[in-house]
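Asks: give the three-dimensional model of this entry:
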Amino acid sequence: MLIRKVEKFMRDHDLPATKFGRLAARDPRFVLDLRMGRIPRPQTEARILRWMAEYEASIPATGINAPRPIPAFETKEFSLAV
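Replies: The predicted model follows:
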């Protein structure tokens, strides 16, 4: 089952569900929907598994479960007008 592979992947790489969904499926609710019973199409499942394999292949050989650093999003400073 895809959800088991995804849950293990997220645990191994310390990724929250919404981050995984955005990166792998361009859908922040993807993992949450899987947990609720969503069954993805075979093409979607293949694309997710391929993304996970490419992600793991891009990790330097520093350790089997070493998390890959994820770039932080730039934040803009906002000021409130009073």
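
Asks: start to end distance for stretch 20-29?
Replies: Start-to-end span of stretch 20-29 (C-alpha to C-alpha, to the nearest Å) is 9 Å.

Asks: can you give me the buried ones in that stretch?
Replies: Buried residues in stretch 20-29, counted by 16 or more other C-beta atoms under 10 Å: 20-21, 24-25. Any C-beta I mention is one placed from the backbone N, CA and C, and that applies to glycine too.

Asks: residue 52: which of those is nearest?
Replies: Within the buried residues of stretch 20-29, the smallest distance to residue 52 is 6.9 Å, found for residue 24 (C-beta to C-beta).

Asks: and the closest residue to that closest one other than its chain neighbours, helix, strand or coil?
Replies: Excluding the flanking residues, the one nearest residue 24 by C-beta to C-beta, 6 or more residues apart in numbering is residue 51, at 4.6 Å. Following DSSP: H, G, I helix; E, B strand; the rest coil, residue 51 is assigned to helix.

Asks: ok, residues contacting stretch 38-53?
Replies: With contacts defined as C-beta atoms under 8 Å, 6 or more residues apart in numbering, stretch 38-53 is touched by 2, 5-6, 9, 23-25, 34.

Asks: mind putting these in TSV, distance to residue 47, secondary structure and pLDDT included?
Replies: Listed next are those as TSV, based on distance: C-beta to C-beta, whole Å; DSSP: H, G, I helix; E, B strand; the rest coil; pLDDT from 0 to 100:
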residue	distance to residue 47	secondary structure	pLDDT
2	11	helix	96
5	13	helix	97
6	13	helix	97
9	14	helix	96
23	12	helix	95
24	8	helix	96
25	8	helix	95
34	14	helix	97
